[in-house]
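1. sequence first, then the predicted structure, then my questions.
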Amino acid sequence: MKLFIRLLMVGMVLTVFQKITYAQPVSTAVPDLMIAPDSRAGSMGESGVGLATNSAAIFWNPAGIAFLDGQEVSITHSNWLPQFNLDLFYDYFTYRLYIPEISGSVFSSITYMNYGQFVRTNADSPNPIGTFTSYDAAITFGYATQLSSDWGVGFNFRFIRSVLSDQGAGEEQGSGISNSISFDVAAMWRPAKLVLPFVDYDLGKSISFGLNLSNLGPKMYYIDQAQADPIPTNLRLGFAYQIFNDEYNSFIFTCDFNKLMVSDKVNADSSVTSREFYQSLFTSWSASSLNAELQSIQTSMGIEYWYGKPGDFLFALRAGYFYEDPSYGDRKFLSFGAGIRYDIFGFDFSYLTTSLFPGYDSPLDNTLRFTLNIGWGGNPGNERNLPRGI
């Protein structure tokens, strides 16, 4: 019975992220590549492409790392679908290093989603003959640099490995293992001067805009190429605005807009297959109307308040909201969190809840994330402020 529940839960995880998180009729492989990995942005409604002021920017917007100096490592852990009391968990590791000789930073991350251990049986007998562990993993390497004092760019290259089973079932020729690669292209604009027309108000040094086109790569398959699914190519853009910032207080607002860039095509024999990523970059925008196109875009926003002086003890409170149109998955939640920074150490946690929406339920309710950061050799106020250069 427990084996059946575990298999059901893996199916639920894949279904939730393929049809709810991404809100598209097209299924994708390795949907865990779209999980918000860190507790900071996770507690701000999963909005971080315009902020990107720590090593988690590898996921949100690697171009943000172009404005950071020093070194940093971080570790995030989350028990997944905790209400089912299974051993599903998600881990995310990052490292970044600024190298003056190359005028930029190099960085890396490891993503790991564990689906648990399963018992293998014969096709004609329920007797166990062994066990295997299912997981998805990815390792990312990247580089970011400033084109000017206002502009930064970042690039990621990623190797992906998905192990649903270590061998095929029955007469299947393939196994349950698939490998692929992908890359990301990102940009960040942090203007020194941005005067609003008519009101003559300068937003310079207090606002940043980000764009990240991620998971560009070939489709993945386990049994045969005809059954390949695209990886979750995704476009995210947004901004972060520092509403005020004085010696001891800082208040930041963030907002992201997110769209999955995958699409299907109908073949001559009336069968339906997914398009290649370079085709979907254009065809995924072919909605029947402007309203339908807007409905396909997820919106997330968050706020963050810091108290304390950079270089000393810092304390943060965060909250956020995520919305997805009912026609494209109907995912919505509130998130809350807090964080502390002292010397080179930082700790963040986030909490996701859907219980405040009457009549709405989600298997992701009560999800907790915990992140440990260690940063040294750089500006201790980078996270509290919007850094503009090195």
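-> Good, I have the coordinates.
2. who's in contact with residue 381?
-> 310-311 (CB atoms under 8 Å, 6 or more residues apart in numbering). For every residue, glycine as well, the C-beta is placed using N, CA and C.
3. tell me where the chain is predicted with low confidence.
-> Residues of the chain meeting the criterion pLDDT under 70: 1-26, 84, 121-130, 166-174, 266, 268-271, 287-290, 358-361, 380.
4. would you list every one of the helices in it?
-> Along the chain, counting by DSSP state H, helices occupy 2-15, 39-42, 57-60, 277-283, 290-295.
5. residues in contact with the fourth one?
-> Meaning helix 277-283. 215-219, 230-231, 233, 261-263, 265, 274-275.
6. tell me which of the residues you listed fall in strands.
-> If you go by DSSP state E, the contacts of helix 277-283 have 215-216, 265, 274 in strands.
7. just the buried residues of these.
-> 215-216, 274 (16 or more other CB atoms under 10 Å).
8. give me the number of residues near residue 311?
-> 11 (other CB atoms under 10 Å).
9. tell me how far it lies from residue 355.
-> 39 Å (CB to CB, to the nearest Å).
10. still on that earlier bit, so among the contacts of helix 277-283, which ones count as buried?
-> 215-217, 219, 230-231, 233, 261-263, 274-275.
11. what's the closest of these to residue 207?
-> residue 261 (26.1 Å; CB to CB).
12. verify the contact between the closest one and residue 284 for me.
-> Yes. Between residue 261 and residue 284 there is a contact under CB atoms under 8 Å: 4.7 Å.
13. any shared contact partners between these two?
-> What both residue 261 and residue 284 touch, as defined by CB under 8 Å, 6+ apart, is an empty set.
14. now do the strands in the stretch 51-200 of the chain.
-> For the stretch 51-200 of the chain, the strands defined by DSSP state E, counting those that start in this stretch cover 71-79, 89-99, 104-121, 128-146, 151-165, 176-189, 195-196.
15. residue 64 is nearest to which of those?
-> Nearest of these (CB to CB): strand 176-189, 5.1 Å.
16. thinking again about what came up before, between the contacts of helix 277-283, which is nearest residue 103?
-> residue 216 (24.9 Å).
17. now the closest one: how far from residue 256?
-> 19 Å.
18. next one: residue 335
-> 13 Å.
19. cool, and residue 117?
-> Relative to residue 256, and taking CB to CB, residue 117 is found at 36 Å.
20. of those two, who's got more company?
-> With neighbours defined as other CB under 10 Å, residue 117 and residue 256 compare such that residue 256 has more, 30 against 12.
21. residues contacting that one?
-> Taking CB under 8 Å, 6+ apart, we find residue 256 in contact with 45-50, 236-238, 298-301.
22. do that again at 6 Å, thanks
-> 47, 49, 236, 238, 300 (CB atoms under 6 Å, 6 or more residues apart in numbering).
23. hang on, the fourth one packs against residue 258?
-> No. Under the criterion of CB atoms under 6 Å, residue 238 is not in contact with residue 258, lying 8.2 Å apart.
24. residue 244 contacts residue 251, correct?
-> Yes. Between residue 244 and residue 251 there is a contact under CB under 6 Å: 5.3 Å.
25. neighbour count winner among those two?
-> Taking neighbours as other CB under 10 Å, residue 244 and residue 251 compare with residue 251 leading, 15 against 10.
26. from residue 318, how far off is that one?
-> According to CB to CB, residue 251 stands 11 Å off from residue 318.
27. check the gap between residue 64 and residue 154 for me.
-> 7 Å.
28. which of these two has more neighbours?
-> Neighbours per residue, other CB under 10 Å: of residue 64 and residue 154, the larger number sits with residue 64, 33 against 27.
29. one step back: which of the ones in strands among the contacts of helix 277-283 sits closest to residue 305?
-> Using CB to CB, those come closest to residue 305 at residue 215, 32.3 Å.
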